[in-house]
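1. here is my input; please provide its structure:
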Amino acid sequence: MPPCRSGVKSALAPARRGGGGRRPSPSRQCHRHGPVRRDNRPRMTRSLPTAASSVPPVAGALRAAAPARPLAGRIAVPGDKSISHRALMFGALAIGETRITGLLEGEDVLRTAAAMRALGAEVTQDGPGAWRVSGRGVGGLVEPADVLDMGNSGTAARLLCGILATHPLFAVMTGDASLRGRPMRRVTDPLSAAGARFAGREGGRLPLAVEGTGDALALDYRVPVPSAQVKSAVLLAGLNARGITRVEEPEATRDHSENMLRHFGATVTVETEGAGRVITLAGQPELRAADVVVPGDPSSAAFPLVAALLVPDAEITIAGLGLNPLRTGLLTCLQEMGADIAVANARMAGGEKVGDLTGRFGLLRAVDVPPARAPSMIDEYPILAVAAAFASGTSRLRGLKDLRVKESDRLAGTAALLAANGVRVEIDGDDLIVHGTGGPPAGGGLVATHMDHRLAMSALVLGLAAAAPVTVDDAGFIDTSFPGFVALMNGLGASLAPAGRG
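-> Sure, this is the predicted structure:
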């Protein structure tokens, strides 16, 4: 089996023209399949089904079974979480009023909105996904009156460290049990060199006290391992530092911060050096308020997309999806596995590539994923592993060290998810090896999610196409990134219900 190639050109091929007919379904069949309110959640367009807050979050155990009909529909997924966090933060640091459309209103992003309010910005919701932020300007944030609770969001906590580090104030951050167990030293170490002081638990874990500096030093920092969060924290700190902040990353990571800095008027340069990049930022700019349209989150879209590839005769279109080239590693891997994926209506919006993505059921083959691809799909490995479980042959997903410090030990959790459902899987160092079944795995397992929303959604997608239903022990954390996931999937024809029902 040859190693998969870099790039996404073939995965992002234009939609096929002519005929409009659908490719005949492959011969694989599943014996469990038959023949073929307005709310406060973000909507990409009103005509498309999307996550709905009128349906309360599903807590407790949830069961996924084969649907009675093929999954089908045209949907919009919630707004991109990475861009939503940054839109609120940059709006708070800008002068004037920033209007945000399509903001993800999951728990993680709402924690960021609350933190920006606590730091003095005016943050107002006008309607579903529609928000306004009246900023205080770079260096203008005020000391919060209480502890900043970041919930489950590592992105929010790490990026906020960068902002707080170069403001002359004192703040304390905490989070839920999962976030309090995650390391923060990878951001606090470089930020300390700018003049900030940090005090936390062993390993730099939350709760974390931050004493920012009003006389910050511009940093020249090489990120030791690829991390968009560390890079972004250093750049955010550089906004209120005199001089030029320089960040060197060994491999290119998602560039939403760089794109948004430019969008708000900062002077940013990016130069390619080998597989990596060097980013420079001129300090102490006057950021200007700028409207932001948040595209659909590719990490959220991964779940209905892979469900379309695995459930017999399924076909799903996801409209208004973000297709930033540094976020499309999953699409590259799926295309190399033989997935039937096409993009239509490709366009640019707010400095980000956007398009409408269609996925259709088909046979998959094994894939060998190089470690260099991890930065472009770090959140998508659990759902890629589920796809690999259905593929013919043995897949190897390489260089997954960072999965051990996500919301859970996501590497071990993904392996346990598959093993509980009859899939042979091994962990070899930092690699995950999945022995595909060439068809539906046995299923029938109970998956421990460890408060990890992506493990929960991955297991539920597996259950939609496995030979027996799959149950997750707790679905409550899904709302942190994908509010209304269950309602949206069931609207496509899925069978997701509380364990013990249906």
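2. every contact and neighbour count from this point should use C-alpha atoms.
-> Noted.
3. buried ones in the lowest-mean-pLDDT helix or strand in the chain?
-> Ranking every helix and strand in the chain by mean pLDDT, DSSP states H and E puts helix 177-180 at the bottom, with a mean of 92. Going by neighbour count (16 or more other CA atoms under 10 Å), the buried part of helix 177-180 is 178, 179, 180.
4. quick one: residue 484 from residue 177, how far?
-> Distance, residue 484 to residue 177, by CA to CA, to the nearest Å: 23 Å.
5. that should have said residue 387, apologies.
-> From residue 387 to residue 177 the distance is 30 Å (CA to CA).
6. swap in residue 455?
-> Distance from residue 455 to residue 177, by CA to CA: 17 Å.
7. mind listing the strands for the stretch 51-200 of the chain?
-> 62-65, 72-75, 95-101, 122-127, 130-136, 148-149, 170-174, 197-201 (DSSP state E, counting those that start in this stretch).
8. most neighbours per residue, which of the ones you listed?
-> Among the strands of the stretch 51-200 of the chain, the stretch with the highest mean neighbour count (mean count of other CA atoms under 10 Å) is strand 62-65, at a mean of 25.
9. center of this protein - which residue?
-> Taking CA atoms, centre = their mean, the centroid of the chain lies closest to residue 299, which sits 4.2 Å from it.
10. residue 199 contacts residue 208, correct?
-> Yes. Counting by CA atoms under 8 Å, residue 199 touches residue 208, with 5.7 Å between them.
11. re the thing from before, which one of the strands of the stretch 51-200 of the chain lies nearest to residue 230?
-> strand 197-201 (15.6 Å; CA to CA).
12. where does the prediction get shaky in this protein?
-> Residues of the chain that meet the criterion pLDDT under 70 lie in 1-58, 406-408, 501-502.
13. may I have stretch 265-283 as CSV, with CA atoms only?
-> Once non-C-alpha atoms are left out, stretch 265-283 reads as follows in CSV (Å, rounded to 0.1, in the frame of the first residue of the first chain):
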residue,chain,number,x,y,z
GLY,A,265,-5.7,45.7,9.8
ALA,A,266,-2.5,44.3,11.4
THR,A,267,0.7,44.0,9.4
VAL,A,268,1.6,40.3,9.0
THR,A,269,4.1,38.6,6.7
VAL,A,270,4.4,34.9,6.1
GLU,A,271,7.4,33.3,4.4
THR,A,272,7.8,29.6,3.6
GLU,A,273,10.9,27.8,4.9
GLY,A,274,11.0,24.1,3.8
ALA,A,275,7.9,22.4,5.3
GLY,A,276,7.4,25.2,7.8
ARG,A,277,6.8,29.0,7.8
VAL,A,278,8.0,32.1,9.4
ILE,A,279,5.4,34.6,10.5
THR,A,280,6.2,38.2,11.6
LEU,A,281,3.8,40.7,13.2
ALA,A,282,4.3,44.4,13.7
GLY,A,283,3.5,45.2,17.3
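14. ok so, going back, helices and strands around the least confident helix or strand of the chain, which ones?
-> Helices and strands touching helix 177-180, by 3 or more CA pairs under 8 Å, 6 or more residues apart in numbering; DSSP states H and E, are strand 205-211.
15. so after the strand it packs on, what's the next helix or strand?
-> Per DSSP states H and E, strand 205-211 leads on to strand 216-217 as the next helix or strand towards the C-terminus.
16. note down every partner strand of whichever helix or strand comes after that following strand and its orientation.
-> On the C-terminal side of strand 216-217, the closest following helix or strand by DSSP H and E is strand 220-222. Using DSSP bridges, strand 220-222 pairs in its sheet with strand 244-249 (parallel).
17. which parts of the partner strand are buried?
-> Judged by neighbour count (16+ other CA under 10 Å), strand 244-249 contains these buried residues: 244, 245, 246, 247, 248, 249.
18. same question, stretch 428-435
-> So stretch 428-435, judged by 16+ other CA under 10 Å, has buried residues 430, 431, 432, 433, 434, 435.
19. what sits opposite the last one in the beta ladder?
-> What that stands for is residue 435. For residue 435, the beta-bridge partners are residue 394, residue 424 (DSSP bridges).
20. do you know how far it is from residue 396?
-> Using CA to CA, we find residue 435 at a distance of 9 Å from residue 396.
21. hmm, back to that, relative to residue 306, which of the buried residues of strand 244-249 is nearest.
-> Nearest to residue 306 among the buried residues of strand 244-249, counting by CA to CA, is residue 249 at 30.6 Å.
22. and for residue 385, the neighbour number?
-> When neighbours are counted by other CA atoms under 10 Å, residue 385 registers 26.
23. surely it and residue 414 touch.
-> Yes. Between residue 385 and residue 414 a contact is recorded at 7.5 Å, counting by CA under 8 Å.
24. from memory residue 153 sits against residue 180, does it?
-> No. Using CA under 8 Å, residue 153 is not in contact with residue 180; the gap is 10.2 Å.
25. include distance to residue 330 when you put the buried residues of strand 244-249 into TSV, please.
-> Shown next, in TSV, are the buried residues of strand 244-249 (distance: CA to CA, whole Å):
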residue	distance to residue 330
244	34
245	31
246	29
247	26
248	25
249	21
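26. between the strands of the stretch 51-200 of the chain, which one is nearest to residue 443?
-> Residue 443 sits nearest to strand 62-65 of all the strands of the stretch 51-200 of the chain, at 9.5 Å, using CA to CA.
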